[in-house]
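**Q** Quick one, what's the 3D model for this:
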Amino acid sequence: MSKADERMKKTSEALSGIKYIKMSGWENSFLEKVCSSREEELKYLKMQFSITCWQNASAWAGSTIVTATVLGSYVFLNGAISAQQVFGIVSVFLILGVNCVGY
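**A** Okay, the predicted model is just below:
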């Protein structure tokens with residue numbers, strides 16, 4: 001949020017002195033300052049969005065891999081698995097996965 005605050009400060013500064021800025025011909029200078037602050041803010045927001053996407057993808061993939069591993073181990077150790085057992089195991093892992101990903 002500090003990047004947004006910095007940009008808002010520069011925008012407010014430009015708006016409060018707009019008459020003086022126009023008389024002095026400093027529009028481009030202030031425009032460059034505000035635009036550079038916006039670029040920094042967007043860079044930060046893109047990085048934050050990328051991190052959130054990777055966290056969500058890894059949480060989903062992790063729960064899927066764990067469920068597949070448990071089912072594979074069960075089949076390997078017991079030899080056979082019924083639809084009821086698969087449904088029960090997948091249901092438990094979905095409930096656990098939703099609760100773990102939410103925190």
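**Q** Where does pLDDT dip in the chain?
**A** Residue ranges of the chain with pLDDT under 70: 1, 98-103.
**Q** mind listing the helices for it?
**A** 2-16, 18-24, 27-78, 83-101 (DSSP state H).
**Q** Reformat those as JSON lines; add mean neighbour count.
**A** For every residue, glycine as well, the C-beta is placed using N, CA and C. As requested, the helices of the chain are arranged in JSON lines below (neighbours: other C-beta atoms under 10 Å):
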{"stretch": "helix 2-16", "mean neighbour count": "14"}
{"stretch": "helix 18-24", "mean neighbour count": "11"}
{"stretch": "helix 27-78", "mean neighbour count": "12"}
{"stretch": "helix 83-101", "mean neighbour count": "12"}
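**Q** what about the residue nearest the centre of the chain, distance to Ser58?
**A** The C-alpha lying nearest the average C-alpha coordinate of the chain belongs to Thr52 (C-alpha atoms, centre = their mean; 2.4 Å). Distance of Thr52 to Ser58, given as C-beta to C-beta, to the nearest Å: 11 Å.
**Q** ok, and the closest non-adjacent residue to Ser63?
**A** Nearest residue to Ser63, sequence neighbours excluded (C-beta to C-beta, 6 or more residues apart in numbering): Gly97, at 3.6 Å.
**Q** Name all residues that make contact with that neighbour.
**A** Ala59, Ser63, Thr67 (C-beta atoms under 8 Å, 6 or more residues apart in numbering).
**Q** Make TSV out of the residues you listed and add distance to Lys33.
**A** Converted to TSV, the contacts of Gly97 look like this (distance: C-beta to C-beta, whole Å):
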residue	distance to Lys33
Ala59	40
Ser63	46
Thr67	52
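**Q** wait, which of those is closest to Leu77?
**A** Nearest to Leu77 among those, counting by C-beta to C-beta, is Thr67 at 16.0 Å.
**Q** rewinding a little: which one of the contacts of Gly97 is nearest to Trp26?
**A** Checking these against Trp26 with C-beta to C-beta, the nearest one is Ala59 at 49.1 Å.
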